[in-house]
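Trainee: Next one to model:
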Amino acid sequence: MRGNPRRQQWLLFRRGVSDRAELAYYVVSATQRTSPEEIVRVAGNRRAIEESFESANGEVGPDHYEARIWDVG
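Mentor: Purely as a prediction, here's the structure:
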């Protein structure tokens with residue numbers, strides 16, 4: 001993405017809802033036509049996605065996951 005004139009990099013900061021002193025930040029790469037409002041909207045969805053992964057991991061944690069590796073050769 002470096003050197004691509006059609007993309008911009010942003011540093012987006014977010015404050016916590018309950019604790020205003022809590023800060024999180026994201027490095028964002030988007031096209032020049034992407035509005036700041038769209039970047040904020042998409043970044044806001046990230047928390048819901050992370051919470052879904054946490055919930056799924058709690059329901060079927062690593063102790064319920066089984067993997068096998070077959071080395072044929």
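
Trainee: Please, where are all the helices along this protein?
Mentor: 36-59 (DSSP state H).

Trainee: center of it, which residue is that?
Mentor: The centroid of the chain falls nearest to Arg46 when counting by C-alpha atoms, centre = their mean (4.8 Å).

Trainee: residue contacts, that residue?
Mentor: By C-beta atoms under 8 Å, 6 or more residues apart in numbering, the contact set of Arg46 is Tyr26. From N, CA and C alone the C-beta is placed, and that goes for glycine too.

Trainee: One more: Leu23?
Mentor: 13-16.

Trainee: And the residues you listed, which two are furthest apart?
Mentor: Spatial extent of those (C-beta to C-beta) is set by the pair Phe13 and Gly16 at 11.2 Å.

Trainee: list residues touching both of those two?
Mentor: By C-beta under 8 Å, 6+ apart, Phe13 and Gly16 have these common neighbours: 23-24.

Trainee: Would you mind extracting the C-alpha trace of the helix or strand of the chain with the lowest mean pLDDT into CSV?
Mentor: Within the chain, no helix or strand scores below helix 36-59, which has a mean of 83 by mean pLDDT, DSSP states H and E. Provided in CSV are the C-alpha atoms of helix 36-59 (Å, rounded to 0.1, in the frame of the first residue of the first chain):
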residue,chain,number,x,y,z
PRO,A,36,-14.1,9.9,7.5
GLU,A,37,-17.7,8.9,8.5
GLU,A,38,-17.4,5.6,6.6
ILE,A,39,-14.1,4.9,8.2
VAL,A,40,-15.5,5.5,11.7
ARG,A,41,-18.6,3.4,10.9
VAL,A,42,-16.5,0.4,9.7
ALA,A,43,-14.1,0.7,12.7
GLY,A,44,-17.2,0.7,15.0
ASN,A,45,-18.2,-2.7,13.6
ARG,A,46,-14.9,-4.2,14.6
ARG,A,47,-15.8,-4.3,18.3
ALA,A,48,-19.0,-6.3,17.6
ILE,A,49,-16.9,-8.8,15.5
GLU,A,50,-14.3,-9.2,18.2
GLU,A,51,-17.0,-9.8,20.8
SER,A,52,-18.6,-12.5,18.6
PHE,A,53,-15.2,-14.2,18.3
GLU,A,54,-14.8,-14.1,22.1
SER,A,55,-18.3,-15.5,22.6
ALA,A,56,-17.7,-18.3,20.2
ASN,A,57,-14.3,-19.1,21.8
GLY,A,58,-16.0,-19.3,25.2
GLU,A,59,-18.7,-21.7,23.9
